[in-house]
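A.B. asks: Could you work out the structure for the sequence below:
(chains A, B, C and D)
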Number of protein chains: 2
Amino acid sequence: MKNLSEDIEQYILSLLDGEEENFVSLRRKELAQMFECVPSQINYVLRSRFTPEQGYLIESRRGEYGYIKIVKISCANPEEKIQHIDDIIGRTITFTEAHRLLETLQDREFITKRERLLIEIALRQTEETSRVRQRFIDEDTGEMLAKILKRMLFGIITA
Amino acid sequence: MKNLSEDIEQYILSLLDGEEENFVSLRRKELAQMFECVPSQINYVLRSRFTPEQGYLIESRRGEYGYIKIVKISCANPEEKIQHIDDIIGRTITFTEAHRLLETLQDREFITKRERLLIEIALRQTEETSRVRQRFIDEDTGEMLAKILKRMLFGIITA
DNA sequence: ATTTTTTAGGTCAATGATAATCAATCATGA
DNA sequence: TCATGATTGATTATCATTGACCTAAAAAAT
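C.D. replies: A predicted model of the protein is given here:
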């Protein structure tokens, strides 16, 4: 299975990995030639896989000596991490976006897979609660607590 | 009737079981062809049997090279433990009781400190939501999701 | 100094290939 | 019989690829 975007992503990641620095510089045209594709394919890969949500920043320049610089955002201390996450989530977020963020955070080892699972459960609970508001009126706090607690614990319990 | 969903579930479970990894990747279309059913049948099986509450996470992509990845997070079925916890929690529970249960579970190393924190955040959120019902009317789902997600992540990062 | 040319990268819309959602219908078991 | 779970297919959303056209920066020409 040939998935060009995936290949290009992997190549860029390997470059980043091999670097001492937290960034790499590319020439769009050369990379496109290397993968025998149209130059705008590179933009697509960057737009879809090296976003701030995924922990990257892009800088570039046109004309002679043009380049594309891919910077991996590093959060040294907890405060930076929090700021970064706060920026990404913003005031509101969709379930799909949240799901992707958690995927990224697990990839980056900010959270474990079990923690991700717990958060997913809480998000589903929140969404459901929001969706069927009516239920709210009939269900007391204790019942809601019992339900979410069971869901979360059953989700993470291991043999 | 033969119960297609059950068959598909069993097939996916057997795939997971045969893997070294804790996940399998499928192509929805192929699986549907294999079971001679409509593709959305696969979604139904995943939605009803491979939820986070049951210890699974689903990742997927559309378009060319599309796939569905089923990740098994918890190692499943310690039936007695689940039954035990189910008995303890019961139909309803107070915040204080829940807190004590989590303390015990952490002591016994069923959950980590961070996981406990996550669960407590979700419980607080649930309690608050239940208490201030009014807010519900003014706050949309995205805002609720953003709030709980931030609380959970911030809680775990500074822990 | 200004204009023109060259050389880069950026944007966008079209297309084809999947997967997700939703509402309607059907089947089963209590 | 009724409630719940299962099945289906029409519609919608997302992803990857391509190429035509646009913009910016530096060099070359005037």
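A.B. asks: near chain B at all, the longest helix belonging to chain A?
C.D. replies: Determined from DSSP state H, the single longest helix within chain A is helix A:113-131. Yes - with CB under 8 Å from any CB of the partner chain as the measure, helix A:113-131 is seen reaching chain B through A:113-127, A:129-131. (C-beta placed from N, C-alpha, C; glycine too.)
A.B. asks: For that helix, output the C-alpha coordinates as PDB.
C.D. replies: What follows is helix A:113-131, C-alpha atoms only, in PDB (Å, rounded to 0.1, in the frame of the first residue of the first chain):
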ATOM      1  CA  LYS A 113      -3.200   4.900  27.200                       C
ATOM      2  CA  ARG A 114      -5.200   4.200  30.300                       C
ATOM      3  CA  GLU A 115      -5.400   7.800  31.100                       C
ATOM      4  CA  ARG A 116      -6.600   8.500  27.600                       C
ATOM      5  CA  LEU A 117      -9.300   5.900  28.000                       C
ATOM      6  CA  LEU A 118     -10.500   7.500  31.200                       C
ATOM      7  CA  ILE A 119     -10.700  10.900  29.600                       C
ATOM      8  CA  GLU A 120     -12.500   9.500  26.600                       C
ATOM      9  CA  ILE A 121     -15.100   7.900  28.900                       C
ATOM     10  CA  ALA A 122     -15.600  11.200  30.700                       C
ATOM     11  CA  LEU A 123     -16.000  13.000  27.400                       C
ATOM     12  CA  ARG A 124     -18.600  10.500  26.200                       C
ATOM     13  CA  GLN A 125     -20.400  11.000  29.500                       C
ATOM     14  CA  THR A 126     -20.400  14.700  29.100                       C
ATOM     15  CA  GLU A 127     -21.600  14.500  25.600                       C
ATOM     16  CA  GLU A 128     -24.400  12.100  26.500                       C
ATOM     17  CA  THR A 129     -25.500  14.200  29.400                       C
ATOM     18  CA  SER A 130     -25.600  17.200  27.200                       C
ATOM     19  CA  ARG A 131     -27.500  15.400  24.500                       C
END
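A.B. asks: what helices or strands is that helix leaning on?
C.D. replies: helix A:95-107, helix A:141-156, strand B:56-61, helix B:113-131, helix B:141-158 (3 or more CB pairs under 8 Å, 6 or more residues apart in numbering or on different chains; DSSP states H and E).
A.B. asks: Now a ChimeraX select for only the buried ones of the residues of helix A:113-131 next to chain B.
C.D. replies: Selecting only the buried entries of those in ChimeraX, with 16 or more other CB atoms under 10 Å in any protein chain shown as the criterion:
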select /A:113,114,115,116,117,118,119,120,121,122,123,124,125,126,127,129,130
